[in-house]
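**Q** have a look at this prediction, sequence included:
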Amino acid sequence: MDGLMMDFPLTLPTVLRRSERFFGDGEIVTRLPDKGFHRTTYRETMRRARQLAVALKQAGLERGDRVATLCWNHHQHHEAYFGIPCGGFVLHTLNLRLHPNDLAYIADHAGDRAVIVDRSLLPLLETFRDRTKIEHVWVVEDSYEELLATANPDDWREPDLDENEAAAMCYTSGTTGMPKGVVYSHRSTVLHALGVAANEPLGLGVSLNDAVMPVVPMFHANAWGYPYLATMQGAKLVYPGPHLDPETLLENMVVEKVGWAAGVPTIWMGILRLLDENPGKWDLSAMKAMLVGGSAVPRAMIEGYEKRHGLKIVQGWGMTETSPVASTAALPYELAVADEETRWDFQAMAGIPLPFVEIRARVGDQEIPWDGEAMGELEVRGPWVAKSYFAAPDSADRWTDDGWFRTGDIVSIHPKGFIQIKDRSKDVIKSGGEWISSVDLENALMAHPAVAEAAVIAIPDEKWAERPLAAVVLKEGASANADDLREFLAPQFAKWWLPDRFEFVDEIPKTSVGKFRKTALREQFAAEPARTA
Ligand code: ADP
């Protein structure tokens, strides 16, 4: 039919041009290694991004070549987020917390030809570079500046990009099997930014004067899309650099009047502890909401922030394979004005999908009812959900025959459509043939006043196949024993759900992106046979 709309490609150069043209004065603030504040603008950053695009081409890189980054969150990394894809190359963010063997595998598998690296991370790069095909190393504040100086930003010509061309890639952290590469297209990146923008938080509420602080690393699934979203909206960006301790993050929030921040629960639990210990010390009146996700967000934390500090947490769910934001717990209609207990109940769920993300949950071929009770594996589809992994044909079974991605997350779905994550399938506890949700138990334990952190794992059991064990970190100066905790849980769960064993530990081991590392706990505790209740 004629009279139709333009076939306009959804690509990042359009976002770059928009930002330069309309939001040139917008600020990008970085916390430097020496704790100083570095300030620049979108105008300058995008000029340098164009310069980078030109320089990479002059250095001999070709369309589609992978250019890696091994960097903390800072303004030069932001340049790379635009300069690399806007030059027609593929930004590959390397996770600086991984073991050198994993980094070697990932950089080699992706075929990275070049890397931009922080000076402080150069020793890490040296431990694996010889196992990769990396030809060029550009060091931030050093040879990277020399690289930029070789190029004139005005020589940048927008490559004639197809919106389905690769813009960026990121590997899953590979808690099972080898890490898998996920490739984001220009189209998926732009649509993801729009999808997140269409929702709460950091959505329509973001005005030009709001500062956004992505605490989530830029090597963790595109920092959840916030660099792109903030650039599209012209919002001020605050990058924490290498400083992720609660005290410095709070300082950033106060000094830069941060309105929106995002990160994993472990970081936000640390911030809450500090706020509780020093009520009123930090003026966080500019803060509108904090997006927390990546692992289950304890209800007690959501409640603690709101009740004791007047701060709002919005939970998000997603995966590297889903760009990553797929759902957020924004409360529609009557839920937005419900009593606080009801609101916290819903905020403690993974929320409803963003527009154009669709969900279902199945056991075998059977879809489970959306009754908040039945559990099944969550499947998703949408324009920013991966269709396959990069060069990993043996992983095709992660997609169903009818084109949905199998998340590996075991969920129930509330009648109102809210996803309730119960477990990852590899963490599931199957006792006497029935599933026990470690997430529900952890959530409940972390509501105990003496508990700082709790992780529940399955350990082998002769009679029941598996039983839950709770590893618990107590708050400083607080005390509780196994009986206290079991008694605390008892009214909330069936008797057979209650952990048989409680182990009090100094710290829960964490993964490279700050999630509970349950494999390490299982190795530590599973050897010793459980006492059957
Ligand atoms: P990995 O954890 O393997 O590094 P991802 O960062 O892609 O890889 O993690 C995705 C997983 O994180 C999801 O499959 C889910 O298990 C977990 N997750 C993410 N958000 C939430 C949430 N809000 N609640 C519970 N689990 C979550």
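**A** Looks like it came in fine.
**Q** spit out the contact partners of Ser512.
**A** Ser512 sits next to 95, 97-98, 173 when contact means C-beta atoms under 8 Å, 6 or more residues apart in numbering. For every residue, glycine as well, the C-beta is placed using N, CA and C.
**Q** now render these as CSV, adding distance to the ligand.
**A** CSV is the format used below for these (distance: C-beta to the nearest ligand atom, whole Å):
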residue, distance to the ligand
Asn95, 9
Arg97, 11
Leu98, 10
Ser173, 3
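**Q** which pair of those residues spans the longest distance?
**A** Arg97 and Ser173 (8.9 Å; C-beta to C-beta).
**Q** so which of these two has more stuff around it?
**A** Ser173 (20 against 17; other C-beta atoms under 10 Å).
**Q** that one reaches Leu103, doesn't it?
**A** No. Taking contacts as C-beta atoms under 8 Å, Ser173 lies outside contact range of Leu103: 11.6 Å.
**Q** any idea how far the nearest residue to Pro415 once chain neighbours are set aside lies from Val411?
**A** Closest residue to Pro415 apart from its sequence neighbours, by C-beta to C-beta, 6 or more residues apart in numbering: Trp370 at 5.6 Å. Applying C-beta to C-beta, to the nearest Å, the value for Trp370 to Val411 is 10 Å.
**Q** compare those two (neighbour count), which wins?
**A** Each of Trp370 and Val411 has its neighbours counted (other C-beta under 10 Å); Val411 has more, 26 against 18.
**Q** which SSE is the more buried one in?
**A** Here Val411, judged by DSSP states H and E, is contained in strand 405-413.
**Q** got the residues of the stretch 201-350 of the chain near the ligand?
**A** 221, 293-297, 315, 317-320, 324, 350 (C-beta under 6 Å from any ligand atom).
**Q** out of those residues, which sit inside strands?
**A** 293, 315, 317-318 (DSSP state E).
**Q** narrow those residues to just the buried residues.
**A** 293, 315, 317-318 (16 or more other C-beta atoms under 10 Å).
**Q** now pLDDT too, for the contacts of Ser512, in JSON lines please.
**A** Formatted as JSON lines, the contacts of Ser512 follow (pLDDT from 0 to 100):
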{"residue": "Asn95", "pLDDT": "95"}
{"residue": "Arg97", "pLDDT": "90"}
{"residue": "Leu98", "pLDDT": "90"}
{"residue": "Ser173", "pLDDT": "71"}
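**Q** Tyr184: which of those residues is nearest?
**A** Of all those, Asn95 has the smallest distance to Tyr184: 15.6 Å, by C-beta to C-beta.
**Q** my read: the closest one touches His220, true?
**A** Yes. The pair Asn95 and His220 qualifies as a contact (C-beta under 8 Å) at a distance of 7.0 Å.
**Q** remind me which residues of the stretch 201-350 of the chain are low pLDDT?
**A** 201-208 (pLDDT under 70).
**Q** rerun that using 50 as the cut-off
**A** Segments of the stretch 201-350 of the chain classed as low confidence (criterion: pLDDT under 50) are 204.
**Q** for the ligand, give me its nearest residue in the stretch 351-500 of the chain.
**A** Ile421 (3.7 Å; C-beta to the nearest ligand atom).
**Q** that residue reaches Gln315, doesn't it?
**A** No. At 9.6 Å, Ile421 does not count as touching Gln315 under the criterion of C-beta under 8 Å.
**Q** overlap in contacts, the two.
**A** Common neighbours of Ile421 and Gln315 (C-beta under 8 Å, 6+ apart) are 349-350.
**Q** and for Arg97 and Ser173, which residues touch both?
**A** Common contact partners of Arg97 and Ser173 (C-beta under 8 Å, 6+ apart): 512-513.
**Q** got the contact list for the closest residue to Arg381 other than its chain neighbours?
**A** With C-beta to C-beta, 6+ apart as the criterion, Arg381 has its nearest non-adjacent residue at 4.9 Å, and that residue is Trp404. Contact partners of Trp404, counting by C-beta under 8 Å, 6+ apart, are 360, 379-381.
**Q** distance of Trp404 from Met349?
**A** Distance of Trp404 to Met349, computed by C-beta to C-beta: 21 Å.
**Q** and what of Leu249?
**A** Leu249 is 26 Å from Met349, by C-beta to C-beta.
**Q** again, but for Glu165
**A** Taken as C-beta to C-beta, the span from Glu165 to Met349 is 36 Å.
**Q** comparing these two, which residue is more hemmed in?
**A** Met349 (25 against 19).
**Q** just grab the bridge partners of the closest residue to Arg398 other than its chain neighbours for me.
**A** In space, and not counting its chain neighbours, Arg398 is closest to Arg406: 5.2 Å by C-beta to C-beta, 6+ apart. When bridges are called by DSSP bridges, Arg406 pairs up with Glu379.
**Q** which residues sit in contact with Leu10?
**A** Contacts for Leu10 (C-beta under 8 Å, 6+ apart) come out as 163, 186-187, 190-191.
**Q** please tell me the pLDDT value assigned to it.
**A** We have a pLDDT of 98 for Leu10.
**Q** chain neighbours aside, what residue packs nearest to it?
**A** In space, and not counting its chain neighbours, Leu10 is closest to Val190: 4.1 Å by C-beta to C-beta, 6+ apart.
**Q** that neighbour falls within a helix, correct?
**A** Yes. Judged by DSSP: H, G, I helix; E, B strand; the rest coil, Val190 forms part of a helix.
**Q** pretty sure it contacts Leu12?
**A** Yes. The pair Val190 / Leu12 is scored as a contact, 6.9 Å apart, by C-beta under 8 Å.
**Q** hang on, the earlier thing: what is in contact with Asn95 and His220 at once?
**A** Val513.
**Q** now the helix or strand hosting Gly83, how far from the centre of its chain.
**A** Under the criterion of DSSP H and E, Gly83 resides in helix 75-86. In terms of C-alpha atoms, centre = their mean, to the nearest Å, the centre of helix 75-86 is found 19 Å from the chain centre.
**Q** pull the CA atoms of it into CSV?
**A** Taking Å, rounded to 0.1, in the frame of the first residue of the first chain, the C-alpha atoms of helix 75-86 are listed here in CSV:
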residue,chain,number,x,y,z
HIS,A,75,33.3,9.5,30.1
GLN,A,76,35.8,7.9,27.8
HIS,A,77,33.9,4.6,28.1
HIS,A,78,30.8,6.7,27.1
GLU,A,79,32.7,7.9,24.0
ALA,A,80,33.4,4.3,23.1
TYR,A,81,29.8,3.4,23.6
PHE,A,82,29.1,5.8,20.6
GLY,A,83,32.3,6.1,18.7
ILE,A,84,32.8,2.4,18.1
PRO,A,85,29.3,1.5,16.8
CYS,A,86,28.9,4.9,15.0
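**Q** which SSE is immediately downstream of that helix?
**A** Heading C-terminal from helix 75-86, the first helix or strand you meet, by DSSP H and E, is strand 90-93.
**Q** what does that following strand rub up against?
**A** Identification of contacts with strand 90-93 by C-beta under 8 Å, 6+ apart yields 64-69, 80-81, 84-85, 107, 110, 112, 166-170, 183, 218-220, 222.
**Q** chain center to that strand, what's the gap?
**A** 16 Å.
**Q** okay, whichever helix or strand comes after it in CSV with CA atoms only?
**A** Per DSSP H and E, the first helix or strand lying C-terminal to strand 90-93 is helix 100-110. Output of helix 100-110 as CSV, limited to C-alpha atoms (Å, rounded to 0.1, in the frame of the first residue of the first chain):
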residue,chain,number,x,y,z
PRO,A,100,42.1,-14.0,33.0
ASN,A,101,41.3,-17.5,31.6
ASP,A,102,37.6,-16.4,31.0
LEU,A,103,38.8,-13.1,29.5
ALA,A,104,41.2,-14.9,27.2
TYR,A,105,38.4,-17.2,26.0
ILE,A,106,35.9,-14.4,25.6
ALA,A,107,38.2,-11.9,23.8
ASP,A,108,39.4,-14.7,21.5
HIS,A,109,36.0,-16.2,20.8
ALA,A,110,34.6,-12.7,19.9
